[in-house]
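*Asks:* Here's a sequence, model it:
(one chain, ligands or ions: 1)
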Amino acid sequence: MIAINNEEKAESDHKMSASVGTALSEAARRLDANISEPRLDAGVLMSHVIGRDRAFLVAHPEATIAEHQLKQFEEFIARRVQGEPLQYITGHQEFFKLDFEVTPDVLIPRPETELIVEAALELVDANAEFAFADIGTGSGCLAVSILNECREARAIAIDISEQALRIAQRNAERHRVANRLRLVQSDFFDAISVNETLDLIVSNPPYVSDDEMKTLQREVQREPRAALAGGSDGLALIRRLLLDAPGHLRPAGYLVFEFGINQDVAIRDLVDREVWKLIEIRNDLQQIPRTIVLQKK
Ligand code: GLN
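*Replies:* Prediction:
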């Protein structure tokens, strides 16, 4: 009798959350305490689990989901409640025009970093042959996006992390640019010959200061420290980029990189005007100065 009662109870629990709509509402309630957009996150995870788009979820709240899918969904929600970024759970982030695989070994591509791609595409002839490097490539989002737009270009994607390079390789293969991309494990240009002259260097370097590292959002704390931490003032790696890049660029070649909030004044000071011409500093969608375009003299 007891066993039967338990079974009945389990079945009624299960029925309660076996439709898309009910499972979503329950999940949103669980996420509500500490996630900024609980409905959105629950929807993204549900879509991922059942392999249907978010419009389907809205149109068919009555659709039933299989028990194994419900179990998986609940496990994903539990991970999200614990502060794991959505993108590490689904393994995906869109960037510019493509979908990128992401894991905790790489920074999750941010919308503001698309500014680097936009700026780079304005500087080059998209139909011409040219060579560029992406320093600290992570997921490969910058190198792969530019190669995808510029079909004659070749690139070197550099990262100090072997795990990151593996993800970048997968993303390059998936978007069919791997034959024009060389992945190199290196600390900046250490493993790159100065005889290889580049037309363009792009980078989203780590630029978070030590103080800011202590107050990072819970989700950002799950991202690789090496992709974020820029030393005491956040500018350690940017200094190095500004010093090392000229030796690998042809005259009139470009350097385009991202920097952090309130770093624009300091960055202007760091740029040696004997070496570089400052073309522009671009604001992101929130009007925060984000991206600098420099041309080697
Ligand atoms: N934009 C990231 C953040 O807000 C930092 C990325 C970086 O250091 N390049 O945390």
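*Asks:* now the helices for this structure?
*Replies:* 2-16, 20-31, 38-50, 54-59, 67-81, 86-90, 114-123, 141-149, 162-174, 210-213, 236-244, 264-270 (DSSP state H).
*Asks:* So what's the residue count around V106?
*Replies:* Counted by other C-beta atoms under 10 Å, the residues lying close to V106 total 29. In this view, the C-beta of every residue, glycine as well, is placed from N, C-alpha and C.
*Asks:* Pull up the gap between it and W276, please.
*Replies:* 29 Å (C-beta to C-beta, to the nearest Å).
*Asks:* do D134 as well
*Replies:* Per C-beta to C-beta, D134 is found 19 Å from W276.
*Asks:* Compare neighbour counts for these two and give me the winner.
*Replies:* Taking other C-beta under 10 Å, D134 and W276 do not tie; D134 has more neighbours (29 against 20).
*Asks:* Identify the bridge partners of E280.
*Replies:* With DSSP bridges as the criterion, E280 is bridged to V293.
*Asks:* Can you report how many residues lie near it?
*Replies:* Per other C-beta under 10 Å, the neighbour tally for E280 reads 11.
*Asks:* Then the one 10 residues further on?
*Replies:* The local packing count at R290 equals 24, with neighbours defined by other C-beta under 10 Å.
*Asks:* E114 now?
*Replies:* 20.
*Asks:* ok, now which ones touch it?
*Replies:* Residues in contact with E114, defined by C-beta atoms under 8 Å, 6 or more residues apart in numbering, are F95, F96, S145.
*Asks:* Look up how far T291 lies from it.
*Replies:* The value you get for E114 to T291, if C-beta to C-beta is used, is 10 Å.
*Asks:* go on, A131?
*Replies:* Relative to T291, A131 is positioned 21 Å away (C-beta to C-beta).
*Asks:* List the contacts of the closest residue to the ligand within the stretch 51-200 of the chain.
*Replies:* Using C-beta to the nearest ligand atom, the closest approach of the stretch 51-200 of the chain to the ligand is made by R110 at 5.2 Å. Taking C-beta under 8 Å, 6+ apart, we find R110 in contact with no residue.
*Asks:* Roughly how far does it sit from R79?
*Replies:* On the measure of C-beta to C-beta, R110 and R79 end up 21 Å apart.
*Asks:* what sits against the nearest residue to F95 once chain neighbours are set aside?
*Replies:* Excluding the flanking residues, the one nearest F95 by C-beta to C-beta, 6 or more residues apart in numbering is P109, at 3.8 Å. The neighbours of P109, taking C-beta under 8 Å, 6+ apart as the test, are Q93, F95, F100, V102, G138, S139, C141.
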